[in-house]
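A.B. asks: Fold the following.
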Amino acid sequence: MKKAKITGLVVRGQVQGVGFRPFIYHLATEMGIKGEVDNRTDGVYIRACFPSGRKAVFIERIWKEHPPVAFIHQIIESEEPEEDTVFTDFRILPSRSDSDRVTQVSPDIAVCSDCLKDRGLQAARIRYPFVNCTHCGPRFSIIRDLPYDRQQTTMSVFPMCPVCRTEYEDVADRRFHAQPIACNHCGPSYYAIYKGQRYADYSFLLKLTARLIAGGEVIAVKGIGGYHLVCDALNERAVQHLRVIKQRDSKPFAVMFRDMKAVHGYAEVNAAEEDCLASWRRPIVLLKQKLQQPSLPAALNPGMRTLGCMLPYMPVHYDWFDCLQTPVLVMTSGNLSEVPILITPEEAERQLQSEVSLILHHNRDIHNRVDDSVVQVCGTQPCLIRRSRGYVPEPFFADMPVEGILAFGAEKVNTFALGKGDTVLQSQYIGDLKNWETYAFYCESLNRFRHLFRFIPDYLVCDLHPDYLSSREAARLAQEEQLPLLKVQHHHAHAVACMLEHGLHEPVIAIVMDGTGLGDDGTVWGGEFFLCDRMEYTRLSYFEPVPLPGGDKASVEPWRMAVAYLWHYGLPVPAAFEERIGKEKIGMLQKMMEKKVNTPYTSSAGRLFDAVASLLGVCDVATRQAEAPILLEQTIMDARQILYPVDGKRGETVSFRSVLESVIKDKADGVSVGVISARFHLTLAAVIRQKAEQLLNLTGARKVVISGGCFQNKFLTETLQRMFADVDIPLYIPSRIPCNDSGVAAGQLTVAAAKRLNNP
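C.D. replies: Model prediction:
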């Protein structure tokens, strides 16, 4: 018998849990190709006998026609030993787990339109609230181990009924090997305790929760990655009550709209923003709120002109809007201020039972907690601010070996990252590690990532700051497991994260602006101009350092930075500012700076924003991170091209004395805060562009990257995009990796990989 010539194909990428094997089966069957396909830990394996000329077409169609949620990184081809076995058809084989290399785990996917239709057509799924298929449903939130099969998820406790089993095993069905497959007969269900009685009938619970929401009550509901607090966004009393529950004075609430038409009624939406809203990821998208009627309650987003908007992504969301008149609900994370999102009924009952009218639970366990992701569009580029549900654990493919590198991230808005093969796997948004519950979530998630991705660290990397809890955890693990530990400067990590995303290796001018980061000289950096590559950096220029009176306290009391800048530049204290803050408090701070008591120096751009915000009366005391810069941006009006004068060259530093003098003069002359804010932002953007041009000419570098939390400022970033385009300088901005401290871990890991590669 003539031996069969068999070709092997390995498809690597996001190819599990997205209907990839059925896609391959149908494609092969249509093309008359015989063979087999199976899942393994490092990808989808195809072994087939290809008729003449069909292999190239088959591979091309895989690239072009794959399921919409899938992502292909590479297809590796190999000729396998000839075999006596002759394939008579094309088959889907059971999954294998035979390698420490891992494939990509799919993020959680919003319910698809086909499944929503099934809820009105299929007898077993009439109004079933946990309907899903290979194209949608929970993934990362329920997975415990690889390969991605039902027994490795929290769905393992729900045996399939005969109807679901038939669909699951039918290769022609949309639910073939859909691991969370379920229906009214065999799947998860909602339940609630209301007035001392337990209810589990979904129709009753839906009517009850809708009635409570319509009546102005706040309820809690268990979602995909944790609990949410929900109320009618048009009910001022309900929103105010929600603020009391959340212990949140002014931080804006995210809202969920009935549909895209409703979004357009309340916000300005461009095509890129609409694409983000309607994508299968269903993030919160920051949009410009319409000022005209219909208006939203002031308590929803006080002081803001932007609105965090999202569309329904679970069946229960659609059902509520079918029952309610309101086109918009508040949908905010179900937790108290500064603690992680709740995921268990026990946690929810303990923290929320006395605060809300009803808690709607379900009995599908959440293994990995994930908040809603947050995106804003700068120009036409979607930029992640919080990377979690719908994105994690989708990897970043590196262009260098990263195996075994574990990056611990920063202190605030923390994420960590690990290197597996040629992929960077970044955790979901964790939060501020100074909070004990958040630190426990950090440790839990780190252990679960290590287990899920079969990760054994051999090289650790953390922030230069020794007192960050992430740095302390890195030092502990390095000592415990006897591993090398690299410390990376905070702003270099920011810059390199952007370089990783855009595949940049050559030296670039990196402009990094944020609130704080320990510099090599022991001072607080944050307004930096570097020449850097992935391994090294040179600090070429920076904002002129000013006192930071009270250290960290200055970041929560912006008035301190106003006093610091005035004192540093020898400028008089404006009368209105002195009256508002108090002459005694200002004098005390001035003496503190004169005597250099608890007064480190900082080049932080974030603190410059604080000073201007306080001088304009926008924010003297912050109730949340970066509140003063955020509110200052929100005031911008009449953004005409009027720039403030900037001081001449003063060595390496950039002085803002003339800018602050102009801000103070405009305020005294009665110029509106909105116009002053616009002029300040435009001037800052012009300073950045001019300094970048100067440094490009000085160094011979050709490209510019920007990163750091200050570039969450949409007006500033879009202004820079236009300015750099006008002078034809390539500008790279963070998009898939957040520009804030959530992106630091990816940068740390990349620096470590580059150093290890070049200095083995």
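
A.B. asks: What segments of the stretch 1-150 of the chain are strands?
C.D. replies: For the stretch 1-150 of the chain, applying DSSP state E, counting those that start in this stretch gives strands covering 4-14, 34-40, 43-49, 71-83, 90-92.

A.B. asks: Sort out which residues of stretch 177-197 are buried, please.
C.D. replies: 177-184, 186-192, 194 (16 or more other Cβ atoms under 10 Å). From N, CA and C alone the C-beta is placed, and that goes for glycine too.

A.B. asks: ditto for stretch 305-314
C.D. replies: Result for stretch 305-314 [16+ other Cβ under 10 Å]: buried residues 306-314.

A.B. asks: that older thread, just checking, which of the buried residues of stretch 177-197 belong to strands?
C.D. replies: Taking DSSP state E as the definition of strands, the buried residues of stretch 177-197 contribute 190-192, 194.

A.B. asks: Kindly indicate which of those lies nearest residue 464.
C.D. replies: Nearest to residue 464, judged by Cβ to Cβ, of those is residue 190 at 47.9 Å.

A.B. asks: what residues are up against the closest residue to that closest one other than its chain neighbours?
C.D. replies: With sequence-adjacent residues excluded and distances taken as Cβ to Cβ, 6 or more residues apart in numbering, residue 190 is closest to residue 362, at 4.9 Å. Residues near residue 362 by Cβ atoms under 8 Å, 6 or more residues apart in numbering: 129-130, 188-191, 222.

A.B. asks: And residue 362, what's its pLDDT?
C.D. replies: Looking at residue 362, its pLDDT reads 98.

A.B. asks: how long is stretch 400-411 end to end?
C.D. replies: End-to-end distance of stretch 400-411: 27 Å, with Cα to Cα, to the nearest Å as the criterion.

A.B. asks: buried ones in that stretch?
C.D. replies: Those would be 402-411, for stretch 400-411 by 16+ other Cβ under 10 Å.

A.B. asks: so what does the worst-scoring helix or strand of the chain on mean pLDDT touch, helix or strand wise?
C.D. replies: In the chain, the helix or strand scored least confidently by mean pLDDT, DSSP states H and E is strand 71-83, which has a mean of 81. When contacts are defined as 3 or more Cβ pairs under 8 Å, 6 or more residues apart in numbering; DSSP states H and E, strand 71-83 packs onto strand 4-14, helix 54-65.

A.B. asks: please redo it, this time with the cut-off set to 10 Å
C.D. replies: strand 4-14, strand 43-49, helix 54-65, strand 396-397 (3 or more Cβ pairs under 10 Å, 6 or more residues apart in numbering; DSSP states H and E).

A.B. asks: Just name the most buried of these.
C.D. replies: Of the helices and strands packed on strand 71-83, the one with the most neighbours on average (mean count of other Cβ atoms under 10 Å) is strand 43-49, at a mean of 21.

A.B. asks: Give the pairing partners of it; include direction for each.
C.D. replies: Strand pairing for strand 43-49, using DSSP bridges, gives strand 4-14 (antiparallel), strand 34-40 (antiparallel).

A.B. asks: by how many degrees do that strand and strand 71-83 diverge?
C.D. replies: Interaxial angle of strand 43-49 relative to strand 71-83 (axes from the mean of the first three to the mean of the last three Cα atoms, to 10 degrees): 40 degrees.

A.B. asks: end-to-end on stretch 41-55?
C.D. replies: Span of stretch 41-55 from end to end, Cα to Cα: 24 Å.

A.B. asks: Then stretch 378-397?
C.D. replies: 23 Å.

A.B. asks: Mind picking the one among the buried residues of stretch 305-314 that's closest to residue 457?
C.D. replies: Among those, and counting by Cβ to Cβ, the member closest to residue 457 is residue 313, at 34.3 Å.
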